[in-house]
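**Q** Predicted model follows, preceded by the sequence.
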Amino acid sequence: MERIDPNELLDASEVAAMLGLSSRTAISVYRSRYGTFPDPVIEKSRCVLWSRRDIQVWLDGRSRRSR
């Protein structure tokens, strides 16, 4: 099992901020709309956390496609 630095985990509010979204609820829309949106590394009940690196890689990929 890969070790994850807890400081590198983001909740929906932090992911929304990285993506320039105003609301954490938009993340559920992104998850359903974009098949390539990263899966959370932890998803247990109401605790849903993503890897900062996974989100950044996804965001960088989208930026390159829109150029």
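**A** It's in.

**Q** Check the average confidence over the helix or strand harbouring residue 60, would you?
**A** Assigning secondary structure by DSSP states H and E places residue 60 in helix 52-65. Across helix 52-65, the average pLDDT comes to 88.

**Q** hey, C-alpha coordinates of that helix in PDB?
**A** Extracted in PDB, the C-alpha atoms of helix 52-65 (Å, rounded to 0.1, in the frame of the first residue of the first chain):
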ATOM      1  CA  ARG A  52      -3.200  17.200  -4.600                       C
ATOM      2  CA  ARG A  53      -0.900  15.800  -7.200                       C
ATOM      3  CA  ASP A  54      -3.800  13.900  -9.000                       C
ATOM      4  CA  ILE A  55      -5.900  17.100  -9.200                       C
ATOM      5  CA  GLN A  56      -2.900  19.100 -10.400                       C
ATOM      6  CA  VAL A  57      -2.100  16.600 -13.100                       C
ATOM      7  CA  TRP A  58      -5.700  16.500 -14.300                       C
ATOM      8  CA  LEU A  59      -5.900  20.300 -14.300                       C
ATOM      9  CA  ASP A  60      -2.600  20.600 -16.200                       C
ATOM     10  CA  GLY A  61      -4.000  18.200 -18.800                       C
ATOM     11  CA  ARG A  62      -7.100  20.200 -19.300                       C
ATOM     12  CA  SER A  63      -5.100  23.400 -19.600                       C
ATOM     13  CA  ARG A  64      -3.000  21.900 -22.400                       C
ATOM     14  CA  ARG A  65      -6.100  20.700 -24.300                       C
END
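
**Q** Output the contacting helices and strands for it.
**A** With contacts taken as 3 or more C-beta pairs under 8 Å, 6 or more residues apart in numbering; DSSP states H and E, helix 52-65 sits against strand 9-10, helix 12-19. For glycine as for every other residue, the C-beta is placed from the backbone atoms N, C-alpha and C.
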